[in-house]
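S.K.: have a look at this fold, sequence not included:
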């Protein structure tokens, strides 16, 4: 929970009203908190936040071939020098997850022909954003993204990128909500720096970037 420490961690803490918000990298000791956000029932076939990050071969190499292969692969990622994302807590309860890391370490993105890099800077990229069921519309996403940016900055990232959609008044399919929207990223200081050939819910995905000092 929020009080635990980690040699590889970077903590952000904000008090807003009566709520204390904390964001931590998903080191091995925080894996169960991550799972509470993305896969509360621990179903093997449910999302473990790998499909948009690793190839099938990489998942097999990290997790094996058994029914828990995807969970084990994610656990293995959490042991790496750059854990694959951050968990946000509200008063010690895990309520949000952001999959983020160096673009070069996110194989599917690094190889993507639909979302190529806009330049050769070693940016960090946000893959997905998840708010735990029962905690939506409570300001979680803003704290989560700020915590993710702070984590990237602590590791020396020159900038953080994301690939949200520009809804332009339309509605996004809930199954694609993990990409988030242009408006959400603009609220936390990201700016549009390019476009992609990728879509979500039939809407174009942008390249948005927040520069870091």
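M.R.: Structure's in. What do you need? Bear in mind that the values here come from a model prediction, so they are computed numbers and not experimental data.

S.K.: every contact and neighbour count from this point should use C-alpha atoms.
M.R.: Fine.

S.K.: next, the buried residues of stretch 24-33.
M.R.: Buried residues in stretch 24-33, counted by 16 or more other C-alpha atoms under 10 Å: 24, 25, 26, 27, 28, 30, 31, 32, 33.

S.K.: CSV for the residues you listed, including distance to residue 44 and secondary structure?
M.R.: Formatted as CSV, those follow (distance: C-alpha to C-alpha, whole Å; DSSP: H, G, I helix; E, B strand; the rest coil):
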residue, distance to residue 44, secondary structure
24, 25, strand
25, 23, strand
26, 19, coil
27, 20, coil
28, 18, helix
30, 19, helix
31, 15, helix
32, 14, helix
33, 17, helix
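
S.K.: which residues touch the longest helix that the chain contains?
M.R.: Counting by DSSP state H, the longest helix found in the chain is helix 140-154. With contacts defined as C-alpha atoms under 8 Å, 6 or more residues apart in numbering, helix 140-154 is touched by 10-12, 21-25, 85-88, 95-98, 100-101, 124, 129, 131, 159-160, 184, 187-188, 212.

S.K.: what's around residue 137, how many residues?
M.R.: 8 (other C-alpha atoms under 10 Å).

S.K.: what of residue 193?
M.R.: Neighbourhood size, residue 193 [other C-alpha under 10 Å]: 12.

S.K.: please apply the same query to residue 166.
M.R.: For residue 166, using other C-alpha under 10 Å, the count is 18.

S.K.: identify the residues contacting the residue nearest to it when sequence neighbours are not counted.
M.R.: Leaving aside its chain neighbours, residue 166 sits nearest to residue 182 (5.2 Å; criterion: C-alpha to C-alpha, 6 or more residues apart in numbering). Neighbouring residues of residue 182 by C-alpha under 8 Å, 6+ apart: 164, 165, 166, 167, 206, 208.

S.K.: coming back round to it: please pick the buried ones from the contacts of helix 140-154.
M.R.: Here, 16+ other C-alpha under 10 Å leaves 10-12, 21-25, 85-88, 95-98, 100-101, 124, 129, 131, 159-160 buried among the contacts of helix 140-154.
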